[in-house]
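Peer 1: got a structure for you, letters missing:
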């Protein structure tokens, strides 16, 4: 096992920031949290911008190494710190390829192409910043339900997790999107409900949800007209 260095995670309060919190709890890694929120001005400080010029959260510092993007952070942690006892990534080439497919699918088709489009254009979310567009939101919801067919077919064989009987970081990514879809009223396929209940019962999931709670309500910086 690679010796654990000083791990610091920047970011709390979103469905994306919870992912690295969760991965580190699954792997049993000690880390420090910098509980900054999105669109609060905290990501635009000189200190944070030097670490992450994109001014986004989450961001992981592992010693002098920094990595952003929630899925990339989770993949890094899975590769760097998995052990035989606590592993979040498959080892064989084809299982690894299947794991990558799941990760890319969740991030590309469910998250960024569907749910985040809804978030950007909902009146009760980021619509006041990016433009309220009910028709776009509706179409994005339809696209999510169409793409979720991949999950529905996979879970139909009775598997416990996406990769069969082994929990991986792909389950972390999918779970956050399923919860996001439910919160937005999109709905999820029927056989995803027992899957979600199994995942949410994991101690690491519950610890991550607690770690992801902001110290104070996140109040976005108001955009001047």
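Peer 2: Sure, I can see it. What you see is a predicted model; the values in this text were computed from it and never measured.
Peer 1: From residue 6, how far off is residue 63?
Peer 2: For residue 63, the distance to residue 6 equals 6 Å [CB to CB, to the nearest Å]. Quick note: C-beta positions are derived from backbone N, CA and C, even for glycine.
Peer 1: repeat for residue 162
Peer 2: Distance, residue 162 to residue 6, using CB to CB: 32 Å.
Peer 1: and the lowest-mean-pLDDT helix or strand in the chain, what does it pack onto?
Peer 2: The helix or strand of the chain with the poorest confidence is helix 127-130; it has a mean of 94 (mean pLDDT, DSSP states H and E). Packed against helix 127-130 by the contact rule (3 or more CB pairs under 8 Å, 6 or more residues apart in numbering; DSSP states H and E) you find helix 116-121.
Peer 1: Please state the mean pLDDT value computed over the helix it packs on.
Peer 2: For helix 116-121, mean pLDDT is 96.
Peer 1: now for that helix, which elements pack on it?
Peer 2: Packed next to helix 116-121, using 3+ CB pairs under 8 Å, 6+ apart, are helix 127-130, helix 134-147.
Peer 1: Confidence-wise, which of those is weakest overall?
Peer 2: Mean pLDDT is lowest for helix 127-130 among the helices and strands packed on helix 116-121, at a mean of 94.
Peer 1: Looking at residue 162 and residue 6, which has the bigger crowd around it?
Peer 2: Neighbour totals were compared for residue 162 and residue 6, and residue 162 leads with 25 against 11 (other CB atoms under 10 Å).
Peer 1: residues in contact with that one?
Peer 2: Residue 162 makes contact with 102, 151, 154, 168, 170, 171, 174, according to CB atoms under 8 Å, 6 or more residues apart in numbering.
Peer 1: Now with 10 Å, please.
Peer 2: 98-99, 101-103, 105-106, 151, 154-155, 168-171, 173-175, 195 (CB atoms under 10 Å, 6 or more residues apart in numbering).
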